[in-house]
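# Please find the sequence and the predicted model below.
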Amino acid sequence: MAVMQREYGRRTLLREIRRAGRIPRIELSDLTGISRATVTTITAEFLSDGLVEEVARDEGEPDSRRGRPRVDLKIRGAAHLVAGVKISHHKLSLVLLDFEGEQLATEECDLRHPVSSPEDLAAKIGEAVARLAGQIGRAPGEISGLGIGIAGIVEANDGFVHWSPSLSARNIEFGALLTRTLGVPCFIDNDANLVAVAEHAFGLGREHSDFLVVTIESGVGLGMVIGGALYRGTRGCGAEFGHTKVQLNGALCRCGQRGCLEAYVADYALLREATLVSGQDANADPAKRVETLLDAARAGDATARSIVERAGQIFAMGLANLVNIFDPELIILAGEQMQFDHLYSDAVIEAMRKSIVQVDKAPPEVVVHKWGDLMWARGAAAYALDKVSELALERLGENAA
C-alpha cells in the first residue's frame, strides 16, 4: 500500500508541477492534499534525478525577501528530449520538444507514395528524426521518446496497427518496429486521438472536460475527451467516426467496407464522383481537384452542387448522432479540409442542430481550428512526453526501492 501511495504521489506531483509551470512546495501540498513531509521527500527525489529544478521567486512576490529566499519548483527542460510525428498521406511533420514542452525544432518532408510498407515508412521516419535532432546538434539516440500519430485503427497500449491507409499491410506491430529501427522508445496512436491530446494540453479544449475533435483530412477521424481523459475503447477501435455506417451496402470505403460516413465525406470520396463534373483534370493535385469541384458547386454546376450538398448532409447527420450519443460541451473541427467550408457551413451546422434531441438548453458549441500538421505533431510529442514521464517515474521508483 505504501508503495502504491508513493507512486500515486509521484505521478500527481509531477503532473501538478508541469501544469502550474512553477509552484512552491507548500502550494503543491495544499493543491493535492499530499502532506508537506511527503511533498518534500518526493520533490527531493525529483531534484536528485534531474526531473525538476528550483528557481528563485520574482523579487516582487510576497515574502520573497524574508529570511531564506523562497523558491519555486519547475520541470527541468534539459531532463529529456521528446519528438512527435504526424503521418499524413503525402508528408511527415515532426516537432522536437524539451521535457518542459518547449519547442526546439521542426521538420517536414514529402512522402513519395501515400501508402508504404511498414519497413519503408519506419526507415523514412528514422531519417526525418535524425535530421530533426541534428538541427540542435543532437543525435537521434539522445531522444527519450517518440510519439507517432497515424490514421487508422491502433491499439495504443502496445503500438499495434490493425489497419492504416498509410501502410500496405494489416495487423502490424508498428510501434515495436519503429522502436527497433530508431533505437528509442516509440509510442503510436491514432492521429485524431493525438489531436484531442493536443487540444486538451494547449488548444481549444483546455477549459473543457468533455469535448470531441472531428478531423477531416484524406479521411474522417474522431478524438474524444470524456471526464478529462482520452477515450480509446477496449480494443483501441473506439471513436472510429469515419467508419460509422450511413448507408446499407453503400459506397466503398478505403477500409474495405461499404456505407461508411468517410466514403461520402472524405476528399477521396468527393474526387471519386468529381469525374462526372466538367473541367476536372484527373492528373491534377488532389487538393486542387477538390477546390475545382467546390468552385463548380458555387458557380451553380448541378452535378457538383449535388455531390457537395450530399457530403454536407451526411456529415451533419453524423455530427448530430455524435451529439445525441455523447452530449459534449464542445465539438472541434480540425484538419486539412478546414481550408474549405463545405463541411462546416452555416447550412451544415444548422442541419446538425435540427437533428439533435431538442431540450431547453443550448446545443454544443461547434468551432473550427485550422491548425496545421506541425500542431498535430505537437500532439504526438505531448503523448510522448506523458509516456517518457511515466518511464522516468518507474525508474525513480526502482532506484528508491
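Now that the structure is in, tell me what you want to look at.
# what sits against the residue positioned nearest the centre of the chain?
In the chain, the C-alpha closest to the average C-alpha coordinate belongs to L194, at a distance of 1.6 Å (Cα atoms, centre = their mean). With contacts defined as Cβ atoms under 8 Å, 6 or more residues apart in numbering, the neighbours of L194 are 84, 86, 147, 149, 223, 376, 379-380, 382-383. All C-beta atoms are positioned from the backbone trio N, CA, C, and that covers glycine.
# Give me the neighbour count for A320.
Other residues within reach of A320, judged by other Cβ atoms under 10 Å, total 18.
# ah, wrong one, I meant H208
By the measure other Cβ under 10 Å, the count of residues near H208 is 17.
# Please apply the same query to A229.
A229 has 10 neighbours, counted by other Cβ under 10 Å.
# Which positions are bridged to it in the beta structure?
I226 (DSSP bridges).
# so how far is D210 from it?
Distance of A229 to D210, given as Cβ to Cβ, to the nearest Å: 10 Å.
# Please enumerate the strands of this structure.
52-56, 71-75, 81-87, 91-98, 103-110, 145-150, 153-155, 160-163, 186-190, 211-216, 220-226, 229-231, 330-334, 365-369 (DSSP state E).
# CA atoms only: put the third one into CSV for me.
What follows is strand 81-87 as a C-alpha-only set of coordinates in CSV (Å, rounded to 0.1, in the frame of the first residue of the first chain):
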residue,chain,number,x,y,z
LEU,A,81,14.1,15.4,-25.3
VAL,A,82,10.9,14.1,-27.0
ALA,A,83,9.7,14.2,-30.6
GLY,A,84,6.3,13.9,-32.3
VAL,A,85,5.5,12.7,-35.8
LYS,A,86,2.3,13.3,-37.8
ILE,A,87,2.0,10.9,-40.7
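# how far does it sit from the chain's center?
11 Å (Cα atoms, centre = their mean, to the nearest Å).
# And that strand, what does it pack against?
Packed against strand 81-87, as judged by 3 or more Cβ pairs under 8 Å, 6 or more residues apart in numbering; DSSP states H and E, are the following elements: strand 91-98, helix 118-134, strand 145-150, helix 191-202, helix 373-400.
# Quick one: these as CSV, columns for distance to L330 too.
Formatted as CSV, the entries for the helices and strands packed on strand 81-87 read as follows, by distance: least, Cβ to Cβ, whole Å:
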stretch, distance to L330
strand 91-98, 25
helix 118-134, 32
strand 145-150, 21
helix 191-202, 9
helix 373-400, 17
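# Looking at these, which is nearest to P364?
Closest of these to P364 is helix 191-202, at 14.5 Å (criterion: Cβ to Cβ).
# what's the pLDDT at E217?
For E217, the model assigns a pLDDT of 77.
# hmm, back to that, mind putting the strands of the chain in CSV, distance to F174 included?
Below are these laid out as CSV (distance: least, Cβ to Cβ, whole Å):
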stretch, distance to F174
strand 52-56, 33
strand 71-75, 30
strand 81-87, 10
strand 91-98, 14
strand 103-110, 19
strand 145-150, 7
strand 153-155, 8
strand 160-163, 4
strand 186-190, 6
strand 211-216, 20
strand 220-226, 17
strand 229-231, 19
strand 330-334, 23
strand 365-369, 27
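# what about A139, how many residues close to it?
In terms of burial, A139 registers 10 neighbours under the definition other Cβ under 10 Å.
# One more: the one 3 residues further on?
Around E142 there are 12 other residues, counting by other Cβ under 10 Å.
# show me where pLDDT drops low in the protein?
Within the chain, the segments meeting pLDDT under 70 span 1-3, 58-69, 235-238, 276-282, 336-339, 399-401.
# now V213, which residues is it bridged with?
Beta-bridge pairing for V213 (DSSP bridges): G223, I332.
# what sits against it?
By Cβ under 8 Å, 6+ apart, V213 lies in contact with 192, 195-196, 199, 205, 222-225, 331-334.
# can we see that at 7 Å?
192, 195-196, 199, 222-223, 332, 334 (Cβ atoms under 7 Å, 6 or more residues apart in numbering).
# Switch those over to CSV; also include distance to A263 and neighbour count.
Formatted as CSV, those follow (distance: Cβ to Cβ, whole Å; neighbours: other Cβ atoms under 10 Å):
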residue, distance to A263, neighbour count
A192, 17, 30
V195, 22, 30
A196, 23, 28
E199, 26, 25
L222, 16, 24
G223, 21, 31
I332, 23, 24
A334, 21, 28
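# could these be laid out in TSV, adding distance to I17?
Below are the contacts of V213 laid out as TSV (distance: Cβ to Cβ, whole Å):
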residue	distance to I17
A192	29
V195	26
A196	23
E199	22
L222	32
G223	26
I332	28
A334	29
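# Let me know the closest of the residues you listed to P286.
Distances from the contacts of V213 to P286 were compared by Cβ to Cβ; the smallest belongs to A334, at 18.9 Å.
# distance of R19 from R112?
41 Å.
# So the two - more neighbours on which side?
When R19 and R112 are compared on other Cβ under 10 Å, the one with more neighbours turns out to be R19, at 11 against 8.
# out of the contacts of L194, which one sits closest to V184?
Proximity of these to V184 (Cβ to Cβ) peaks at G147, which lies at 11.1 Å.
# Identify the residues contacting that closest one.
For G147, the contacting residues are 84, 187, 194, 380-381, 383-384, by Cβ under 7 Å, 6+ apart.
# Contacts made by stretch 312-324 with the rest, please.
When contacts are defined by Cβ under 7 Å, 6+ apart, stretch 312-324 is touched by residues 212, 241, 244, 246, 261, 264-265, 331, 342-343, 345, 347-348, 351-352, 355-357, 363-364.
# Which members of those are classed as buried?
212, 241, 244, 246, 261, 264-265, 331, 342-343, 348, 351-352, 355-356, 363-364 (16 or more other Cβ atoms under 10 Å).
# Can you flag which of the residues you listed belong to helices?
Using DSSP state H, the members of the buried ones among the contacts of stretch 312-324 that fall within helices are 264-265, 348, 351-352, 355.
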